[in-house]
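Student: Below is the sequence, then the predicted model.
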Amino acid sequence: MLVLSNIQNDTIHTLKNEQSYAFDVNSQHFLALMLNNSLFIYQNLCPHLNKRIANDSFHCFDETFSLIECQFHGAQFTPEKGECVSGPCLGERLQRFIITEVDNVFCLLPTSNELKQRT
């Protein structure tokens with residue numbers, strides 16, 4: 001189980017539109033972003049070379065704030081589904097997560113689509 005710290009949970013839930021937050025849980029890299037007033041959380045790894053899409057000093061959006069953009073190769077992904085629509089990993093997807101509360105602890109879980117894809 002990927003347990004969020006209180007600070008991580010609070011930071012994610014205070015993101016404003018067109019803001020992102022890169023963070024780690026159990027040595028795994030994640031990216032939370034707010035776009036069009038919707039929260040999206042993805043594993044912060046580009047499928048092209050498994051490098052981080054964004055780090056603390058780099059926001060994760062393209063110049064129009066409509067796509068997630070990898071800082072290394074410019075691959076672009078839809079915020080809603082994490083699908084690569086431009087770049088070297090065209091057709092691949094980012095792994096999406098949701099926040100859930102279990103016994104008063106906030107955790108990250110892969111979305112049901114991710115669970116189905118792995119089985």
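Tutor: Yes, it's here.

Student: A helix includes Leu49, no?
Tutor: No. Read with DSSP: H, G, I helix; E, B strand; the rest coil, Leu49 is coil and lies in no helix.

Student: Please verify my assumption that it contacts His73.
Tutor: Yes. Counting by Cβ atoms under 8 Å, Leu49 does reach His73; the two are 7.5 Å apart. The C-beta positions use only the backbone N, C-alpha and C, and glycine is treated the same way.

Student: what is the residue positioned nearest the centre of the chain paired to in the beta sheet?
Tutor: Geometric centre of the chain, nearest residue: Tyr42, 2.3 Å, by Cα atoms, centre = their mean. Judged by DSSP bridges, the bridge partners of Tyr42 are Leu31, Arg96.

Student: dump the residue contacts of it.
Tutor: Applying Cβ atoms under 8 Å, 6 or more residues apart in numbering to Tyr42 gives the contacts 30-31, 33, 53, 68, 82, 94-97.

Student: Over to Phe77?
Tutor: Phe77 neighbours (Cβ under 8 Å, 6+ apart): 53, 67-70, 83-85, 93-94.

Student: which non-adjacent residue is nearest it?
Tutor: Ile68 (4.3 Å; Cβ to Cβ, 6 or more residues apart in numbering).

Student: My guess is that neighbour contacts Gly87. True?
Tutor: No. The pair Ile68 / Gly87 is not scored as a contact, 10.9 Å apart, by Cβ under 8 Å.

Student: Between those two, which is the more surrounded one?
Tutor: Neighbour count, other Cβ atoms under 10 Å: between Ile68 and Gly87, Ile68 has more, with 26 against 18.

Student: Per-residue pLDDT of the residue nearest to the centre of the chain, please?
Tutor: Tyr42 is assigned 96 on the pLDDT scale.

Student: Just want to check the distance between the closest residue to Pro110 other than its chain neighbours and Thr64.
Tutor: Spatially, and ignoring its direct neighbours in sequence, Pro110 is nearest to Phe97 (5.7 Å; Cβ to Cβ, 6+ apart). Distance of Phe97 to Thr64, given as Cβ to Cβ, to the nearest Å: 25 Å.

Student: Good, wrapping up.
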